[in-house]
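**Student:** fold the following.
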Amino acid sequence: MNYTYDIRPDAKAPGRGWNLHLFDDGKETGKIDFPATDYENTQLDAMKVAFLRAEAEAKVWIKGRRVYSKRRMRLVVHPALAAIMGVAVLVAAYNVFKYVF
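**Tutor:** From the prediction side, this is the model:
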């Protein structure tokens with residue numbers, strides 16, 4: 001799995017924020033708007049802060065997806081182990097019932 005992102009200027013309001021586009025294997029899976037806030041000293045500072053927030057969110061998203069992929073791979077092993085244990089339980093139950101009944 002290949003997770004990437006792209007941060008572009010907001011097309012609806014140029015100079016007022018950024019759009020974060022999230023991609024999973026080249027297919028866009030999400031878009032988040034990061035508007036420049038009025039709390040900063042200048043418009044340039046507000047744009048910088050909005051860009052840094054978008055970049056931080058993208059990195060958290062990528063890291064989370066990688067952890068999820070590893071967990072999903074680990075879960076593939078568990079059903080196989082459960083099937084083996086299920087067979088062992090069935091054999092044991094068969095032997096018990098064979099001698100009891």
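**Student:** quick check: closest non-adjacent residue to Glu55.
**Tutor:** Spatial nearest neighbour of Glu55, chain neighbours left out: Ile7 (6.4 Å); criterion: CB to CB, 6 or more residues apart in numbering. Where C-beta positions appear, they are placed from N, C-alpha and C, glycine not excepted.
**Student:** the one you found - that's part of a strand, no?
**Tutor:** Yes: counting by DSSP: H, G, I helix; E, B strand; the rest coil, Ile7 is located in a strand.
**Student:** residue ranges with poor pLDDT in this protein?
**Tutor:** Counting by pLDDT under 70, the chain contains low-confidence residues at 38-41, 43, 66-83, 85-86, 101.
**Student:** find the centremost residue of it, please.
**Tutor:** Central residue of the chain (CA atoms, centre = their mean): Arg65, 3.1 Å from the mean position.
**Student:** just checking, next helix/strand downstream of the strand or helix carrying Trp18?
**Tutor:** Assigned by DSSP states H and E, Trp18 belongs to strand 17-24. Reading on from strand 17-24 to the C-terminus, the next helix or strand found by DSSP H and E is strand 27-35.
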